[in-house]
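> The following comprises the amino acid sequence and a computationally predicted model.
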Amino acid sequence: MEFVEDNLFNDYVEKYKNLPLQEKKDLVEKELEELLAVLNALNEKKGKHVKTLFNREILDLKKSGATEADFVEAVFVYTNAIKELIADLVKDQ
């Protein structure tokens, strides 16, 4: 794996770092949801009708007063769902 530095991306990250914590968390959640949607669409395009892993921890983020633990647990769920969708995508290639 080769890592490269990109000035536009660095600027994007700096702007992210300056957001209030709740906005950072909201953006992370939105990015993970978009990644799930893209991976699901790619699977569908390949004719694979996969099911996306789900756990109620994701719903905890929607409730009033969600905690840091709720956020971390939801990110854990999103990450595992993403890994499963990637595995489905590359399976049988």
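Arrived safely.

> Which strands or helices does the one helix or strand in the chain whose mean pLDDT sits lowest pack on?
The helix or strand of the chain with the lowest confidence, counting by mean pLDDT, DSSP states H and E, is helix 57-60 at a mean of 88. Contact analysis of helix 57-60 by 3 or more Cβ pairs under 8 Å, 6 or more residues apart in numbering; DSSP states H and E lists helix 68-90 as its packing neighbours. All C-beta spots, glycine's among them, are computed from the backbone N, C-alpha and C.

> ok so, going back, which positions within the least confident helix or strand of the chain qualify as buried?
Of the residues in helix 57-60, those scored as buried under the neighbour-count criterion (16 or more other Cβ atoms under 10 Å) are Glu57, Ile58, Asp60.

> Contacts only, for the second one.
Taking Cβ atoms under 8 Å, 6 or more residues apart in numbering, we find Ile58 in contact with Ala74, Val77, Tyr78.

> which helices and strands sit right next to the lengthiest helix in the chain?
If each helix of the chain is counted by residues according to DSSP state H, the longest one is helix 21-45. Using 3+ Cβ pairs under 8 Å, 6+ apart as the contact criterion, the secondary-structure elements in contact with helix 21-45 are helix 68-90.
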